[in-house]
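>>> Kindly return the folded structure for what I paste below:
(2 chains)
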Amino acid sequence: MMANYREMWEALGMDLENHDNLCAVLPDAFGDVYLSQENRPESMDFWDMVVADIHGIRPAELIEAQKDGKKVFGTFCVFVPDEVVIAADGIVTGLCGGSQFWVPDGEKVLPKSTCPLIKASVGARLGKTCPFFRIADMYVGETTCDGKKKAWEILGQDVPMHIMDIPQMKREKDIARWKEEIADFAKVVEETTGNEITPEKLADAIKIINAKRRAMKRVYEARKADKLPISGKDVLLMTQIAFFDDPQRCAQMCNRLADELEDRIEKGVSVFPEGTKRILVSGTPMAIPNWKLHHIIETSGAAVVCEETCTGTRYFENEVPETGGSLDEQFAAIADRYMKINCACFTPNTDRTKDIIRLAKEYKVDGVIDVNLKFCCLYDTEGYSVEQALKEEGIPVLGIETDYTDADAEQLRTRIEAFVEMLG
Amino acid sequence: MFSIGIDIGSTCTKTVVMNESGEMIEMLLQPTGWSSVDTAKQIRKSLESKGICIDDAKIVATGYGRISVPYADRQVTEITCHAKGAYYLNENKDMVVIDIGGQDTKIIKIESGQVKDFIMNDKCSAGTGRFVEIMANTMGLTIDELCELARTGSGVTISSMCTVFAESEVISLIGRGEDRKNIAYAVVSSIASKVASQCSHMDTKNAVVYLTGGLCECAFLKERIEQMIGHELVTNSKARFAGAIGAALIAASKGA
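Numbering: from 1, shown residues only, chains lettered A, B, ... in the order given. The predicted structure is shown next:
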């Protein structure tokens, strides 16, 4: 596997020897977590193929596009508006590290008490072990937390960076300022790509990204069924890869999967036995290949039916109105949509709690597992209010803090099994 | 038919056998040792030597070694089992259980016999039985001796939560010539304060608070926790068997 891409990786200046170590463990991990599942939807074959050659197929496509003069923008957060990049014929790729493999390289330059997502992302760049981090012409960072802000300064020594300043509150003046940030970003994208963003091109880009959101939402809708047609792990994989894929192909594949799931619902096909407890996972994102919590939950007598995370509903909920108009009007519409994302970086952030309660009801969950990546101070602190609100609603909740290592897997399993037993 | 609960903890393994009328006819206690699998085999032998044939029994295994009992019909987590066991021992009252285990401490809220909420300590061994055990070894005492000696001490505190750092702290206290009884007092106070801090996340007002686990007979530890949480603790000499009792009850009720 991945053998044909060595030349490409070498040309990207990657550390081939260390990269081989990563390539050696992924197939086993994927086999254990994914291929061991029974009765998976056939449409998952697309994502299985992507994972099997995760550092090959898509990187090769990006390099081909670069040869045609296209520019690749690497992003780390659901607040960076893809529409702006697409409107300038640019390409967006997610750049989030979800493996412990990259953490030690990140810890060479970052404090240990940094969240694993940041450590892995910085490590993937500096350790030269991820092609996506080598390919991107420009990184787009944002100011969603202190750890990231300082990490950008370190990454900025190695790669061109643009930083978007995310407001910390959502008052009218904050949203207006965010619109200005988007307009500034558009100028940077125009300069980098050499392409002008016209109102027509932006309107088209808005439609492309909305179509992708709608397709992902269709898959999520299917998880509201009493008989679950798909596992949480499989949907998580779909969402994780959505950050890397071409948005139109992503929409097409998600729609193909949704077709199959809707057919399964009609036929009453389920991948879980009757009575399996339904869990909503809320909290911090799970970048590929972080499947740890979903795997433990789904091998402890429960199923994940929804994720209120950046690798979940925060990624695709709400669309940008397709009303067109001037660039200024469209930037305002984009700003409005992105400011509806309820991230713990805002204060107050009570709308997130409302989202969690709403999703818990819509997806008919038996309980919520609120997960926090270790050292994420924002989500950790917000966990208190989230748990309090859920308890008031009579929705059982389990708070979990974890990282990318397997050191706590058995303790987590005991807690999660006990939680599932508690749900009756 | 017998119902058997086997609780393979990190330090001790507890086995409870109930007869058809729900009476506890055997309670066995043994160190877990380094192999849960061997421990499970030994239990089988001990039970057979007492004329209890496990092939005709319904068996539930719990504790961290619950997956190592090949002849168990079911595995149930120690949280659910401790709750059932404590509820049974305390005459079916709503309560909050504090279970100080060998490698973790759990706070469990029980309403109408069901687990309503629980908190478990993180990976770290602060506030667990292991902490006291290591400190007792360092001081050349048994756990019981340490707890009784602690009652006569005062005035010293250990500030490290981490067991490894706390052990260094104890060693430097010994090196400084600090009286052993004062160090013992500091050790017991340290675990009590960690348990109390964990307990503060659970509403214990108007609740019966029940202590289970291997330290339930350490009277001074119980007193220190009571002082710190400002609440009386109830316990019972059988409380260290709570997990195994709960497992046996589940075996009996669900037919395993």
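>>> Spatially, what comes nearest to B:Lys93 if we skip its sequence neighbours?
B:Val208 (5.3 Å; Cβ to Cβ, 6 or more residues apart in numbering or on different chains). Yep, even glycine has a C-beta here, placed from its N, CA and C like the rest.
>>> how far away is the one you found from B:Ile134?
Plainly put, B:Val208 is 31 Å away from B:Ile134 if you go by Cβ to Cβ, to the nearest Å.
>>> check contacts around the residue in the stretch 1-150 of chain B positioned nearest to chain A.
Residue nearest to chain A within the stretch 1-150 of chain B: B:Ile79 (3.6 Å; Cβ to the nearest Cβ). Taking Cβ atoms under 8 Å, 6 or more residues apart in numbering or on different chains, we find B:Ile79 in contact with A:414-415, A:418, A:421-422, B:106, B:108, B:115, B:118, B:120.
>>> which parts of chain A sit against chain B?
A:391, A:396, A:401, A:407-408, A:410-411, A:414-415, A:417-418, A:421-422, A:424 (Cβ under 8 Å from any Cβ of the partner chain).
>>> of all those, which two lie farthest apart?
A:Ala407 and A:Gly424 (30.4 Å; Cβ to Cβ).
>>> So A:Cys145 versus chain B, what's the distance?
22 Å (Cβ to the nearest Cβ, to the nearest Å).
>>> Which one (most neighbours) among the contacts of B:Ile79?
Using other Cβ atoms under 10 Å in any protein chain shown as the neighbour test, these are led by B:Ile108, with 27 neighbours.
>>> list the helices and strands the particular helix or strand that has that one in it packs on?
B:Ile108 belongs to strand B:105-111 when assigned by DSSP states H and E. Helices and strands touching strand B:105-111, by 3 or more Cβ pairs under 8 Å, 6 or more residues apart in numbering or on different chains; DSSP states H and E, are helix B:78-89, strand B:95-100, strand B:114-120, helix B:180-199.
>>> CA atoms only: put the helix or strand where A:Asp234 lies into CSV for me.
Remark: A:Asp234 resides in helix A:232-242, with elements defined by DSSP H and E. Taking Å, rounded to 0.1, in the frame of the first residue of the first chain, the C-alpha atoms of helix A:232-242 are listed here in CSV:
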residue,chain,number,x,y,z
GLY,A,232,-21.2,6.6,14.4
LYS,A,233,-17.7,5.6,13.5
ASP,A,234,-18.5,5.4,9.8
VAL,A,235,-20.2,8.9,9.8
LEU,A,236,-17.2,10.3,11.7
LEU,A,237,-14.9,9.0,9.0
MET,A,238,-17.1,10.6,6.3
THR,A,239,-16.9,13.9,8.2
GLN,A,240,-13.2,13.8,8.8
ILE,A,241,-12.4,13.2,5.2
ALA,A,242,-14.8,16.0,4.1
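>>> Any idea how many residues pack against A:Asn372?
24.
>>> pretty sure it belongs to a helix, no?
No. Checked against DSSP: H, G, I helix; E, B strand; the rest coil, A:Asn372 lies outside a helix; its state is strand.
>>> what's across from it in the sheet?
A:Glu401 (DSSP bridges).
>>> Now do it, the pLDDT please.
Note on A:Asn372: pLDDT of 97.
>>> and the angle for the longest helix along chain A with helix A:232-242?
Counting residues, the longest helix found in chain A (DSSP state H) is helix A:199-222. Here helix A:199-222 runs at an angle of 170 degrees relative to helix A:232-242 (axes from the mean of the first three to the mean of the last three Cα atoms, to 10 degrees).
>>> Tell me the helices and strands packed up against helix A:199-222.
Helix A:199-222 sits against helix A:82-87, helix A:232-242, helix A:247-267, helix A:313-316, helix A:327-338, with contacts defined as 3+ Cβ pairs under 8 Å, 6+ apart.
>>> at 6 Å instead, please
helix A:82-87, helix A:247-267, helix A:313-316 (3 or more Cβ pairs under 6 Å, 6 or more residues apart in numbering or on different chains; DSSP states H and E).
>>> Flag every buried residue along it.
A:201-203, A:205-213, A:215-220, A:222 (16 or more other Cβ atoms under 10 Å in any protein chain shown).
>>> related to what we said a few turns ago, need the helices and strands packed on helix A:199-222 in TSV (columns: mean neighbour count).
Shown next, in TSV, are the helices and strands packed on helix A:199-222 (neighbours: other Cβ atoms under 10 Å in any protein chain shown):
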stretch	mean neighbour count
helix A:82-87	26
helix A:247-267	18
helix A:313-316	22
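>>> Including distance to A:Cys23 and mean pLDDT, could those go into CSV?
As requested, the helices and strands packed on helix A:199-222 are exported to CSV (distance: least, Cβ to Cβ, whole Å; pLDDT from 0 to 100):
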stretch, distance to A:Cys23, mean pLDDT
helix A:82-87, 29, 98
helix A:247-267, 24, 98
helix A:313-316, 27, 98
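>>> With distance to B:Cys147 as extra columns, can I get those in JSON lines?
Formatted as JSON lines, the helices and strands packed on helix A:199-222 follow (distance: least, Cβ to Cβ, whole Å):
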{"stretch": "helix A:82-87", "distance to B:Cys147": "62"}
{"stretch": "helix A:247-267", "distance to B:Cys147": "59"}
{"stretch": "helix A:313-316", "distance to B:Cys147": "51"}
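>>> and B:Gly246, how far is that from chain A?
B:Gly246 sits 11 Å away from chain A, going by Cβ to the nearest Cβ.
>>> Residue 22 sits in which helix or strand?
With no chain named, the answer covers chain A. Using DSSP H and E, A:Leu22 falls in helix A:16-30.
>>> then that helix to PDB, C-alphas only?
Output of helix A:16-30 as PDB, limited to C-alpha atoms (Å, rounded to 0.1, in the frame of the first residue of the first chain):
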ATOM      1  CA  LEU A  16      10.400   9.000   4.400                       C
ATOM      2  CA  GLU A  17      11.800   6.700   7.100                       C
ATOM      3  CA  ASN A  18       9.600   8.000   9.900                       C
ATOM      4  CA  HIS A  19       6.600   8.300   7.500                       C
ATOM      5  CA  ASP A  20       7.000   4.600   6.900                       C
ATOM      6  CA  ASN A  21       6.400   4.000  10.600                       C
ATOM      7  CA  LEU A  22       3.100   5.800  10.300                       C
ATOM      8  CA  CYS A  23       2.100   4.000   7.100                       C
ATOM      9  CA  ALA A  24       2.900   0.700   8.900                       C
ATOM     10  CA  VAL A  25       0.400   1.100  11.700                       C
ATOM     11  CA  LEU A  26      -2.600   2.700  10.000                       C
ATOM     12  CA  PRO A  27      -3.900  -0.300   8.100                       C
ATOM     13  CA  ASP A  28      -4.000  -2.400  11.300                       C
ATOM     14  CA  ALA A  29      -5.700   0.400  13.200                       C
ATOM     15  CA  PHE A  30      -8.300   0.900  10.400                       C
END
